[in-house]
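Q: sequence isn't available, so here's the structure alone:
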């Protein structure tokens, strides 16, 4: 039986997945908010509660689900790893490049499982497109667009009027501070490639001049192969969106694009695809026409599994974490990918404030030499 402790109420999004596993028991919950601690533990019948994270690490648990504010992720992950616990960390991995070096070192020294909880990688349509890429339907990939558009101005102040952590660690910074929801799926599609450099540009301050973060940040990512990924992060602009994430994937044989609103759907087009044009001259077909390419684990999911949060992704991400622990095998969303995707946001701030200067992304990998653990300008 794998005993799991959760820190931060955000971790309850994994509840369905954790409780679907007969080999998992949620035995502890930690949060600074005593009222929330009491309410959540009673609601979900969790026996042991803690306000001090280090106290929970001394309890009889095997793994920790870190769902605290982002500035706590690395300190808590390192403390958990040093205490001999496996770690699932919510995004982003860290808030500074130095933290990323510390995190990698801690994972390598501990021998424990570290998994990055990038749930967009587990959206069924993301995995469906991935299978189509692997089957060669898109030909050679060479360009992608991705964005995270989510107005968070209503949650940067707590109900009591005090500024929340998001005011400082998200909208109080420059650059694309929250890139991983967008980059995760794209970098899975560009399998075996990595982000080699970035150049970032900010739109300036028009919506909320009182905040440090630019209204919109665009980051052009150049992959090691020379291919391009265009990333947009915008958590300020007032606009209706059907989803917080958007993707477009372009290959030599076809293109995939997610919904844009007004009744739109995830759609796809391939060269030579026989499909009559609609009234607007478009020849896309719904991605749902290609469900044969959906991996079996998603295709055969139960209704409970499909109903888990974030489009059903939170069940499957739990499944991979527990399987990684049982097999003692680092998961696909490992510490190196967590650091690569997170570093894009951190270094975009440096690029934005230096007029879009191109910045190299470190080649995060196992046993990375100390002499490479620097940012070069």
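A: Structure's in. What do you need? Source: prediction; values computed, not measured. Numbering: from 1, shown residues only.
Q: need phi/psi at the residue positioned nearest the centre of the chain.
A: The chain has residue 118 as the residue nearest its centroid, 3.1 Å off, counting by CA atoms, centre = their mean. Torsion angles at residue 118 (phi, psi; degrees, to the nearest 10) stand at phi -90, psi 90.
Q: wait, it touches residue 333, no?
A: Yes - between residue 118 and residue 333 there is a contact at 5.4 Å, judged by CB atoms under 8 Å. In short, each C-beta sits where N, CA and C put it, glycine included.
Q: helices of this protein, start to end?
A: 15-19, 34-43, 53-57, 73-82, 97-110, 124-134, 165-169, 180-189, 296-299, 303-306, 313-327, 335-352 (DSSP state H).
Q: minimum distance to residue 362: which of those helices has it?
A: helix 335-352 (6.7 Å; CB to CB).
Q: what is the mean pLDDT for stretch 287-300?
A: Regarding stretch 287-300, the rounded mean pLDDT is 94.
Q: where does the prediction get shaky in the stretch 151-300 of the chain?
A: 242, 274-282 (pLDDT under 70).
Q: which residues of it fall in strands?
A: 195-202, 217-223, 228-234, 245-251, 254-257, 267-270, 285-286 (DSSP state E, counting those that start in this stretch).
Q: could you dump the ones you listed to CSV with mean neighbour count and distance to residue 46?
A: Below are these laid out as CSV (neighbours: other CB atoms under 10 Å; distance: least, CB to CB, whole Å):
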stretch, mean neighbour count, distance to residue 46
strand 195-202, 21, 39
strand 217-223, 22, 39
strand 228-234, 21, 34
strand 245-251, 20, 31
strand 254-257, 20, 41
strand 267-270, 18, 43
strand 285-286, 14, 42
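Q: among those strands, which is nearest residue 307?
A: strand 245-251 (19.9 Å).
Q: now do the closest one: distance to the chain's middle.
A: 16 Å (CA atoms, centre = their mean, to the nearest Å).
Q: and it, what does it pack onto?
A: helix 124-134, strand 141-149, helix 180-189, strand 254-257 (3 or more CB pairs under 8 Å, 6 or more residues apart in numbering; DSSP states H and E).
Q: which of those is buried the deepest?
A: Compared across those, helix 180-189 shows the largest average neighbour count, a mean of 25 (mean count of other CB atoms under 10 Å).
Q: now the angle from that one to strand 245-251?
A: 20 degrees (axes from the mean of the first three to the mean of the last three CA atoms, to 10 degrees).
Q: gap between residue 6 and residue 14?
A: Residue 6 is 8 Å from residue 14, where distance means CB to CB, to the nearest Å.
Q: rewinding a little: could you tell me the least trusted of the helices of the chain?
A: helix 303-306 (a mean of 76).
Q: got the buried residues for that helix?
A: residue 305 (16 or more other CB atoms under 10 Å).
Q: repeat that for stretch 357-372.
A: 359, 361-362, 364, 368.
Q: then stretch 54-72?
A: Buried-residue list, stretch 54-72, by 16+ other CB under 10 Å: 56-57, 59, 61-70, 72.
Q: so residue 176 touches residue 233, yeah?
A: Yes - if you go by CB under 8 Å, residue 176 and residue 233 touch, sitting 3.7 Å apart.
Q: between these two, which contacts overlap?
A: Common contacts of residue 176 and residue 233 (CB atoms under 8 Å, 6 or more residues apart in numbering): 217, 219, 345.
Q: report the beta-bridge partners for the second one.
A: In this structure, residue 219 has beta-bridge partners residue 200, residue 231, where bridges are defined by DSSP bridges.
Q: can you verify my assumption that it contacts residue 178?
A: No - contact criterion CB under 8 Å: residue 219 and residue 178 do not qualify, at 11.5 Å.
Q: which neighbours do these two share?
A: Joint contacts of residue 219 and residue 178 (CB under 8 Å, 6+ apart) are residue 233.
Q: residue contacts, residue 241?
A: By CB under 8 Å, 6+ apart, the neighbours of residue 241 are 149-150, 261.
Q: output the residues you listed as TSV; include the columns distance to residue 165.
A: Rendered in TSV, the data for the contacts of residue 241 read as follows (distance: CB to CB, whole Å):
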residue	distance to residue 165
149	21
150	16
261	30
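Q: closest to residue 191 among the residues you listed?
A: Distances from residue 191 to the contacts of residue 241, taken by CB to CB, are shortest for residue 149, at 25.9 Å.
Q: list the beta-bridge partners for the closest one.
A: residue 234.
Q: ok, now which ones touch residue 150?
A: If you count contacts by CB under 8 Å, 6+ apart, then residue 150 has 234-235, 241, 244 around it.
Q: was I right to think residue 206 contacts residue 234?
A: No - Residue 206 lies out of contact with residue 234 (CB under 8 Å); the separation is 11.6 Å.
Q: mutual contacts of those two, please.
A: With CB under 8 Å, 6+ apart as the test, residue 206 and residue 234 both reach residue 215.
Q: residue 315 against residue 17, yeah?
A: Yes - with contact defined as CB under 8 Å, residue 315 reaches residue 17; the gap is 4.1 Å.
Q: the residue lying closest to residue 238 once chain neighbours are set aside: neighbour count?
A: Nearest residue to residue 238 in three dimensions, chain neighbours excluded: residue 151, at 6.2 Å (CB to CB, 6 or more residues apart in numbering). Neighbour count for residue 151, taken as other CB atoms under 10 Å: 16.
Q: if we can go back for a sec, will you turn the buried residues of stretch 357-372 into TSV that also has distance to residue 92 and pLDDT?
A: Conversion of the buried residues of stretch 357-372 to TSV gives the following (distance: CB to CB, whole Å; pLDDT from 0 to 100):
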residue	distance to residue 92	pLDDT
359	17	98
361	15	98
362	16	98
364	14	98
368	19	95
